[in-house]
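Visitor: Turn this into a structure:
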Amino acid sequence: MRILNSIQYIVNKEVYVIISLFVIISSCSETQKEIKEIPFNHKLQIQFTKDVNKAIAYLDSSKNDIKSLNKHFLASRKYFKKIEPILSALDSENYSFLNQPNILKIVEEDYTDIKIKEPSGYQVLEEEIFADEMDTEVVLKHINLVSHRLQLIRKNISFDHLNTYHFLWLFRKAFVRIALTGITGFDSPVLENSLEESKIVYKSLLGYLAIFKTEFKNPVLFKKWNQEIQLTIEDLSGDFNSFDRYHFIKNHTHHQLELWNQTVKDWKVKFPFELAIKNDVTSLFSSNTFNIDYFSDHNLGKTTPKKIAFGEKLFYDKNLSSNKTISCSSCHLAEKAFTDGKKIASGVTRNSPTLFYAALQKAFFYDKRAGSLEGQIIAVVENENEFHTNLEALEIAIKQDSGYFKDFSELYPDKKVSDIYIRNAIASYIRSLVPFNSKFDRNINNLENTLTQSEINGYNLFNGKAKCATCHFAPVFNGTVPPDYKESELELIGVPERNDTINATISKDLGRYYVYKTQERKHFFKTSTVRNSNKTAPYMHNGVYNTLEEVIDFYNRGGGSGIGIELENQTLPTDLLNLTKNEINDIIAFIKALDENLPEY
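Guide: You can find the predicted model right below:
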């Protein structure tokens, strides 16, 4: 009996062991299966959290090791750049805080809601840490602010809603940002460490892309991406000032846009809508690059060829003014790139800006007092020195003209004649003035090979040593900030009253100050486009400069500060650019290569 019991015990034990082994093997299999099936958004969050933790850790280390503060800051910034693609897409407000320039942030909602915020973030820290004399107390204050903001982000950021199209958008936005701001020194103003930081972003993108390897139906496409990014990283080398940005965009950014579109097709992704940049873009310098409707009022419908044609008629019609002698074209002549060639436009107090690319802005007039083209037209209509009429008169003019009434009825069926739709038609014509057909555009798009070395050098200087592109962002070369295009910047550069470098005084025009009477906004003006500048002299809001050479000389000296105008809030760096005569000639050659012709309909 004992023997039988012993045998039974042994059998039972073996069965137990076998069952246990089966359970363990089964459990391991399930665990592996679970690992393989972790959703991509969770994988992104895991990597994001690791990088945020390291960014915070290095900042905190710098507080306890002041002697190695520089090293710790740079390490933290490295991890900030690693999270940049995701953070800028999922939490643009906190990203903007961490990457804002070292200038006052002023938010003016209305007269009762004006916020003035001291800047902080990595750009501010870079300027403070690498100043000639570092103020440790100030640096530690900003380190704490940045560290706390990163901790807040880590706690609150959500990945749960992400779809594959979100990833594709943030992936594309990352390399577009590098092309338009990253390699210009926009967010590394002191160290000019932009090329190395762009490498970090691309390496981060490689890691993110690996998470989506199984999404690729075509493994060759995945391999192409890896090869292209590796080549891009290799080419992001050399001196900041001598880096060839023109060929970088032509050979890498545009190729990546092509690969991106192939990926969209390979993954069979459908986008629910379009952002500022269209979903099928293959070039940053094309009339097909931007979604014009993103910059306009969605409630008024899409911009269509018929609406443009109707708006063009109204644009040139003098009968819309009270004395029948003025039209929109009176101050915006097509042959002068829609300016008038005068220092100050007739009937107003400022220079007449070009209408080319006016559509690609988020605010209008030099002081940004209008939020849309339709809103800007109101001021023109009601100005006693311009149309000197009213909105009701516009409606009457359309009703009384049978041709106009017919056009209106076809364009806006079931809508009564209303000034808002009339203004929308005129605005639609202005929105069509985004040709991207300059010599420069044709060359960077491989449609011809006619750019001179001087013109290429000029583009590289504009985006590098001369720092023009830190305010005039390609491809529009105005102040609407890529890649989100949510804001058109105001700048204080210190434009003088007269063309005088010895006894210069600031222009009497207070600019943005007149809108809300914010003291810190005195002499601030919107950054206009540089495109077609060869045709739009004289320059600046008061037409103070007659030639491009004079304009560049002003910037080369450090703006107003360089000619003796001391302004507490000047946003233009006051340092001398030290541009040589040949470099100035190259920049002017590039600007002239941006001359364009009217679009054809």
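Visitor: pretty sure residue 382 contacts residue 392?
Guide: No - using Cβ atoms under 8 Å, residue 382 is not in contact with residue 392, being 11.0 Å away. For every residue, glycine as well, the C-beta is placed using N, CA and C.
Visitor: Tell me, how many residues neighbour residue 537?
Guide: 18 (other Cβ atoms under 10 Å).
Visitor: in this protein, which spans are strands?
Guide: For the chain, applying DSSP state E gives strands covering 105-110, 113-117, 490-491, 525-526.
Visitor: which helices and strands sit right next to the last one?
Guide: Meaning strand 525-526. If contacts are counted by 3 or more Cβ pairs under 8 Å, 6 or more residues apart in numbering; DSSP states H and E, strand 525-526 sits against strand 490-491.
Visitor: From the chain's centroid, how far away is the strand it packs on?
Guide: Mean-position distance between strand 490-491 and its chain equals 15 Å (Cα atoms, centre = their mean, to the nearest Å).
Visitor: do the same with stretch 391-407
Guide: A distance of 39 Å separates the centroid of the chain from that of stretch 391-407, by Cα atoms, centre = their mean.
Visitor: Pop the domain breakdown of the chain in here.
Guide: What automatic domain parsing lists as the domains of the chain is 1-37, 41-290, 293-431, 452-592.
Visitor: Could you dump those into CSV with mean pLDDT and distance to residue 599 added?
Guide: Listed next are these as CSV, based on pLDDT from 0 to 100; distance: least, Cβ to Cβ, whole Å:
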stretch, mean pLDDT, distance to residue 599
domain 1-37, 45, 51
domain 41-290, 96, 7
domain 293-431, 93, 9
domain 452-592, 97, 13
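Visitor: And the residue nearest the centre of this structure?
Guide: Geometric centre of the chain, nearest residue: residue 482, 0.9 Å, by Cα atoms, centre = their mean.
Visitor: For it, which non-adjacent residue is closest in space?
Guide: residue 180 (4.3 Å; Cβ to Cβ, 6 or more residues apart in numbering).
Visitor: separation between residue 397 and residue 388?
Guide: In this view, residue 397 and residue 388 are 14 Å apart by Cβ to Cβ, to the nearest Å.
Visitor: Please, where are all the helices along the stretch 151-300 of the chain?
Guide: Assigned by DSSP state H, counting those that start in this stretch, the helices in the stretch 151-300 of the chain fall at 164-180, 194-211, 219-235, 245-248, 254-267.
Visitor: and the longest one, C-alpha only, in PDB?
Guide: The reference is to helix 194-211. C-alpha atoms of helix 194-211 as PDB (Å, rounded to 0.1, in the frame of the first residue of the first chain):
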ATOM      1  CA  SER A 194      20.700  73.800 -35.300                       C
ATOM      2  CA  LEU A 195      22.300  71.200 -37.500                       C
ATOM      3  CA  GLU A 196      23.200  68.900 -34.600                       C
ATOM      4  CA  GLU A 197      19.700  69.300 -33.100                       C
ATOM      5  CA  SER A 198      18.100  68.500 -36.500                       C
ATOM      6  CA  LYS A 199      20.100  65.300 -36.400                       C
ATOM      7  CA  ILE A 200      18.600  64.400 -33.000                       C
ATOM      8  CA  VAL A 201      15.100  65.000 -34.400                       C
ATOM      9  CA  TYR A 202      15.700  62.700 -37.400                       C
ATOM     10  CA  LYS A 203      17.200  60.000 -35.200                       C
ATOM     11  CA  SER A 204      14.000  60.300 -33.100                       C
ATOM     12  CA  LEU A 205      11.900  59.900 -36.200                       C
ATOM     13  CA  LEU A 206      13.800  56.800 -37.100                       C
ATOM     14  CA  GLY A 207      12.900  55.300 -33.700                       C
ATOM     15  CA  TYR A 208       9.200  56.300 -34.200                       C
ATOM     16  CA  LEU A 209       9.100  54.800 -37.700                       C
ATOM     17  CA  ALA A 210      10.400  51.500 -36.400                       C
ATOM     18  CA  ILE A 211       7.300  51.200 -34.200                       C
END
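Visitor: now it against helix 219-235, angle please.
Guide: Angle, helix 194-211 to helix 219-235, by axes from the mean of the first three to the mean of the last three Cα atoms, to 10 degrees: 160 degrees.
Visitor: Show me what helix 194-211 is packed against.
Guide: Packing partners of helix 194-211 (3+ Cβ pairs under 8 Å, 6+ apart): helix 40-64, helix 69-90, helix 164-180, helix 219-235.
Visitor: same deal with the third one?
Guide: With contacts defined as 3+ Cβ pairs under 8 Å, 6+ apart, the packing partners of helix 219-235 are helix 194-211, helix 254-267.
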